[in-house]
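# Turn this into a structure:
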Amino acid sequence: MRTKKHKHHIIPRHAGGTDDPSNIVELTIEEHAEAHRILWEQHRRVEDKIAWDMLSGRNMSEEDRINLAMSGYQSFMSDFSKKTSWRNNIIKARSRQVITEQHKANISKSLRAAWSKNRSKWISSITPERREKNRQAYVRNDMGNILAEARKNSEIWKKSVTSDDYRKRKMLNSPKRRSIVVDGVEYPSIRQAAKETSYTYSKLRMMVLNTHEEITPIQ
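Numbers count the residues shown, from 1 in each chain. Coordinates of the predicted model:
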């Protein structure tokens, strides 16, 4: 019986490797899993960890799903061609899947739980350097105009931002209508709290909207 072989990129594509024959080697499933285990231990790239898990028969955790999404987003922001390729691969993979409403609800529930558990860690990982790098990529790739043009031509976008549900959510999330507790003191709005405390408006607003409740920021 012939052993099934996989094509393995010696330098993974997510690390800049190409499809050149010199960068590809045929491995058994067990050898392929081991190769990604070694890459994961050497470089700690989430893509290699997920490949190792999947090839070894283990399911992807919700934390890994979010880490993979963050990694994909960073590639999306830093390289326009990678963004296009990544988006097309996702579309191709999704087109072959049959996802029920219950499946969508389960994924949403799991992602919310993972976000709630790791929120503070991920928020703290958004450093000023990372923000500036993303901003430069956004400007360099002219994403503002690209997204504006896409929204202008999207009927789905127009319907979503003019729906009653959208108007209601926007009203409820307005800083003018949200009270907030900061260090034990209640303020009538996020803007007022930002004026009278050492916290910035954007940080307080992000924390309130992410938790959907009044919070007490921790110094």
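# And the average pLDDT for the one helix or strand I91 maps to is what?
Using DSSP states H and E, I91 falls within helix 80-95. For helix 80-95, mean pLDDT is 77.
# same check, this time on stretch 43-52
87.
# How about residues contacting it?
12, 14-15, 33, 36-37, 39-40, 60, 64, 67-68, 71 (Cβ atoms under 8 Å, 6 or more residues apart in numbering). Every C-beta, even on glycine, is put in place using the N, C-alpha and C of the backbone.
# helices and strands around the helix or strand just after the helix holding I91, which ones?
Next along the chain after helix 80-95, taking DSSP H and E as the criterion, comes helix 101-124. Counting contacts by 3 or more Cβ pairs under 8 Å, 6 or more residues apart in numbering; DSSP states H and E, helix 101-124 packs against helix 62-78, helix 201-211.
# Contacts only, for M54.
By Cβ under 8 Å, 6+ apart, the neighbours of M54 are M60.
# mind checking the SS state of it?
helix (DSSP: H, G, I helix; E, B strand; the rest coil).
# before we move on, back to that, buried among the contacts of stretch 43-52? Make that a ChimeraX selection.
Selecting only the buried entries of the contacts of stretch 43-52 in ChimeraX, with 16 or more other Cβ atoms under 10 Å as the criterion:
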select :12,14,33,36,37,39,40,64,67,68
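# Compare the helices and strands packed on helix 101-124 and give me the one nearest D142.
helix 62-78 (12.8 Å; Cβ to Cβ).
# Would you mind writing the CA trace of the closest one as CSV?
What follows is helix 62-78, C-alpha atoms only, in CSV (Å, rounded to 0.1, in the frame of the first residue of the first chain):
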residue,chain,number,x,y,z
GLU,A,62,-10.6,29.0,20.0
GLU,A,63,-7.5,30.9,21.3
ASP,A,64,-5.6,29.6,18.2
ARG,A,65,-8.4,30.8,16.0
ILE,A,66,-8.2,34.3,17.3
ASN,A,67,-4.4,34.3,17.2
LEU,A,68,-4.5,33.1,13.6
ALA,A,69,-7.0,35.9,12.8
MET,A,70,-4.7,38.5,14.4
SER,A,71,-1.7,37.1,12.4
GLY,A,72,-3.8,37.3,9.2
TYR,A,73,-4.9,40.8,10.0
GLN,A,74,-1.3,42.0,10.5
SER,A,75,-0.3,40.5,7.1
PHE,A,76,-3.4,42.1,5.6
MET,A,77,-2.4,45.5,6.9
SER,A,78,1.3,45.3,6.0
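# I'm done for today, thanks for sticking with me.
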